[in-house]
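>>> Here is my input; please provide its structure:
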Amino acid sequence: MINIDNFDTDAAIFLVAVLAFIVANLARRWHGPVEPDDDSDLPDATEPDDLPDAPLVDDATGTVFELSNLDHRSADHKTPDAVVRVPNNFNPGRPVHLVVYNHGFYTDIRGAYRDAQLAEQLAGVRANTVLLLPEWQKQPGAASGDQGRFSQAGLFHDMVNEVFSKIGVLRGLTLDNVERITILAHSAGYGPAETEIYKNGLQSKIVNVTLLDALYDRNGFDRWIKENIADLAAGRKRFYNFFYGTAAYSKNQAGTVRAALKDGGLPDSAL
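Next comes the predicted model:
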């Protein structure tokens, strides 16, 4: 299934993205990346010391972990390298569904977890769904797409394995135990999402890519769509693009998808 839609539609369509909270807050709370030919002024980047420093807390249905000083991380910084939420009913003997959330500018993974109310959004998801927020920014909270070491080939792959090894209930598991991966990108999170998709050998496991006003790289996800067009048309994989500030690129992407469907002899009704 392929869905490219404007935020003006009913926020209930976000149920697959488990991030309905962002629909109501995106336009007033966050800013997207500025294109090279955009002369608009951005507020000063948030300094690391200005980011929320209170640790996250567990919720009624899941346990949250903050991991720091990982061997595989974007850069050396004071804030956590990864936030992980594991459901209380997690069964290590069953396949894992890994949901990866990539935050935008002006926040870090701790702030994104709170602001997007991810614990609440995940309360009713399918069992064995593990949420991972990797800190992809070299300087968390900055108005910068600099990924530091995160952009290196294989780093995210190794980060996931290291994260699993640090958490008791996940210890002994690796990416081999992950059956499906969902990747979500909010705003500037498009950069790390592309890194995760294209540079970490995970293509066969990625079944869902969801953009939350994140198509600032106008053609960045076309390759994934084209390579998976048959599975997308059949509903075996899913691509969602919900946009607000990326209307021009997103509408152009809809044309690209139609062309890919036509080239594959697939019905336009998949869009």
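
>>> can we go C-alpha only for contacts and neighbour counts from here?
Fine.

>>> contacts for stretch 61-71?
The contact list for stretch 61-71, computed with Cα atoms under 8 Å, 6 or more residues apart in numbering, reads 55-58, 76, 79-89, 119, 123, 159, 162-163, 167.

>>> just checking, Arg258 touches Leu266?
No: between Arg258 and Leu266 there is no contact, the gap being 9.2 Å when judged by Cα atoms under 8 Å.

>>> Any regions of the stretch 1-150 of the chain where pLDDT drops low?
Scanning the stretch 1-150 of the chain for pLDDT under 70 picks out 1-54.

>>> where do the strands sit along it?
2-6, 62-67, 82-87, 96-102, 129-134 (DSSP state E, counting those that start in this stretch).

>>> These into TSV, with extra columns for mean neighbour count and distance to Ala153?
Formatted as TSV, these follow (neighbours: other Cα atoms under 10 Å; distance: least, Cα to Cα, whole Å):
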stretch	mean neighbour count	distance to Ala153
strand 2-6	18	28
strand 62-67	18	21
strand 82-87	22	18
strand 96-102	23	17
strand 129-134	23	15
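
>>> Those strands: which one's closest to Gly189?
Closest approach to Gly189 among the strands of the stretch 1-150 of the chain (Cα to Cα): strand 96-102, 4.8 Å.

>>> hang on, the earlier thing: turn the strands of the stretch 1-150 of the chain into JSON lines, columns for distance to Lys205.
Shown next, in JSON lines, are those (distance: least, Cα to Cα, whole Å):
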{"stretch": "strand 2-6", "distance to Lys205": "18"}
{"stretch": "strand 62-67", "distance to Lys205": "24"}
{"stretch": "strand 82-87", "distance to Lys205": "19"}
{"stretch": "strand 96-102", "distance to Lys205": "10"}
{"stretch": "strand 129-134", "distance to Lys205": "14"}
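
>>> Which one, of those, ends up nearest to Glu227?
Among the strands of the stretch 1-150 of the chain, strand 2-6 comes nearest to Glu227, with 13.4 Å by Cα to Cα.

>>> coming back round to it: so for Ala233, which of the strands of the stretch 1-150 of the chain sits nearest?
Taking the strands of the stretch 1-150 of the chain one by one with Cα to Cα, strand 2-6 is closest: 7.3 Å.

>>> follow-up on the earlier one: buried members of the contacts of stretch 61-71 into ChimeraX, please.
Burial among the contacts of stretch 61-71 is assessed by 16 or more other Cα atoms under 10 Å; the matching ChimeraX selection reads:
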select :56,76,79,80,81,82,83,84,85,86,87,119,159,162,163,167
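
>>> Out of the contacts of stretch 61-71, list just those in helices.
Here DSSP state H is the test, and the contacts of stretch 61-71 give 119, 159, 162-163 as lying in helices.

>>> what about the residue lying closest to Gly172 once chain neighbours are set aside, helix or strand, and which?
Take Gly172 and drop its neighbours on the chain: the residue closest to it by Cα to Cα, 6 or more residues apart in numbering is Ser165, 6.4 Å away. Using DSSP states H and E, Ser165 maps to helix 155-166.

>>> Please identify the buried residues of that helix?
Within helix 155-166, the residues that count as buried by 16+ other Cα under 10 Å are 155-164.

>>> May I ask which two of the residues you listed are separated the most?
Taking Cα to Cα, no two of the buried residues of helix 155-166 sit farther apart than Leu155 and Phe164, at 14.3 Å.

>>> pretty sure Pro80 is touching Ile109, no?
Yes: under the criterion of Cα under 8 Å, Pro80 makes contact with Ile109 at 7.5 Å.

>>> what's next to the longest helix along the chain, contact-wise?
Across the chain, the helix with the greatest residue count (assigned by DSSP H) is helix 247-263. The contact list for helix 247-263, computed with Cα under 8 Å, 6+ apart, reads 4, 6, 215-216, 218-219, 222, 225-226, 229, 233, 241, 243, 267-268, 271.
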